[in-house]
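Novice: okay, structure incoming, though there's no sequence with it:
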Ligand SMILES: [Zn+2]
């Protein structure tokens, strides 16, 4: 393999061959820690799929809500 393709550090956007380094894709330990801090602070979201409406189908008490069930009583 050659020198590879330079990438941008996710934190400071500095271009370099960071993936070839132990800290890749970050250019430095500092940038790695900064990114980790973002995760812990909630700036990044692993998934936004878990919404309040999703929870309605999986109530904590374990009772399943069937489609149309809440209409009953005509
Ligand atoms: Zn950086």
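Specialist: Cool, got the structure. In this text, all values refer to a predicted model and were calculated from it rather than measured experimentally. Residues are numbered from 1 along each chain as shown.

Novice: what residues does this protein have near the ion?
Specialist: Counting by C-beta under 5 Å from the ion, the chain comes close to the ion at 9, 11-12, 27, 31. Yep, even glycine has a C-beta here, placed from its N, CA and C like the rest.

Novice: 8 Å instead, please
Specialist: 9-14, 18, 26-28, 30-31, 34 (C-beta under 8 Å from the ion).

Novice: name only those of those residues that count as buried.
Specialist: 9, 11, 18, 26-28, 31 (16 or more other C-beta atoms under 10 Å).

Novice: what lies in contact with stretch 32-41?
Specialist: 10-11, 23, 26, 44 (C-beta atoms under 8 Å, 6 or more residues apart in numbering).

Novice: still on that earlier bit, can you tell me which two in the buried ones among the residues of the chain next to the ion are farthest apart?
Specialist: Based on C-beta to C-beta, the longest span within those runs between 11 and 18 and measures 10.4 Å.

Novice: so what's residue 23 closest to, chain neighbours aside?
Specialist: Taking C-beta to C-beta, 6 or more residues apart in numbering, and ignoring the residues beside it in sequence, residue 23 has residue 32 as its nearest neighbour in space, at 5.5 Å.

Novice: show me the helices in this protein, by range?
Specialist: Here the chain has its helices, by DSSP state H, at 29-41, 52-56.

Novice: using TSV, please lay out those helices together with mean pLDDT and distance to residue 4.
Specialist: Below are the helices of the chain laid out as TSV (pLDDT from 0 to 100; distance: least, C-beta to C-beta, whole Å):
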stretch	mean pLDDT	distance to residue 4
helix 29-41	89	19
helix 52-56	57	41
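
Novice: out of the ones you listed, deepest packed?
Specialist: Ranked by mean neighbour count, the helices of the chain are led by helix 29-41 with a mean of 13 (mean count of other C-beta atoms under 10 Å).
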